[in-house]
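> Please find the sequence and the predicted model below.
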Amino acid sequence: GANERVQIGMLGTGGRGRYHIGWLERTSTIEPLKVIAACDIWNVQREQAKAEIEKRFQDTPALYKDYRELLDNKDIDAVLIATPDHQHCPMAADAVKAGKDVYVEKPIAVTLNELNELYDVVKASDRIIQHGTQGRSSAGAQAMRDFIQAGKLGKILRVGECRSHYIPYWNN
């Protein structure tokens, strides 16, 4: 029944947030959960999330522009935070204070001070918070680490990072 199911609210419904809606739907086949609400300040993203949630969970979610209103919803047990980085920590703290469990994307905080404040909020509560760093533990990341540590890459002189939607800039 509904009381035995974790009811989730999404904070941030851009590409990463909508990815998580699919992940939650797949997880719902083995764990009792349902996405029942979505919040985004951008109407386009919010409507796309609504359609995705309706398709995957066969129910119309509550929609919000202000995340604090979503946190006031007593039917929501947990939130998934996939907003811009600078919002992760304050939203996580507000969610814990509102009695919600939290999954928050990385980075969890922008400054050490805000991270320490969140730590204090979580420790003073009975809430569960999980920080998303699944890429570090993926099979591909582990294989690359093993490859590098085995010396198969040769002498490493420089390390850089780029995301697939950025055009990398290479220095010689």
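Received, thanks.

> can you pull the pLDDT of Leu157?
On pLDDT, Leu157 comes in at 83.

> State the number of residues packed around it.
5 (other CB atoms under 10 Å). Using the backbone N, CA and C atoms, a C-beta is placed for each residue, glycine as well.

> so how far is Lys100 from it?
Here Leu157 is placed at a distance of 46 Å from Lys100 (CB to CB, to the nearest Å).

> How about Val110?
For Val110, the distance to Lys100 - CB to CB - is 21 Å.

> For these two, work out which one has more neighbours and name it.
Lys100 (23 against 14).

> contacting residues around that one?
Gly9, Leu71, Ile76, Asp77, Ala78, Val79, Arg127 (CB atoms under 8 Å, 6 or more residues apart in numbering).

> I'd say the last one and Asp101 touch.
Yes. With the criterion set as CB atoms under 8 Å, Arg127 and Asp101 qualify as a contacting pair; they are 5.4 Å apart.

> Show me what counts as buried in the stretch of helix or strand Ala141 belongs to.
Assessed by DSSP states H and E, Ala141 sits inside helix 139-149. For helix 139-149, the buried set under the neighbour-count rule, 16 or more other CB atoms under 10 Å, is empty.

> Beyond the longest helix seen in the chain, next helix or strand please.
Of all the segments of type helix in the chain, defined by DSSP state H, the longest one is helix 43-57. The helix or strand immediately downstream of helix 43-57 is strand 62-64, counting by DSSP H and E.
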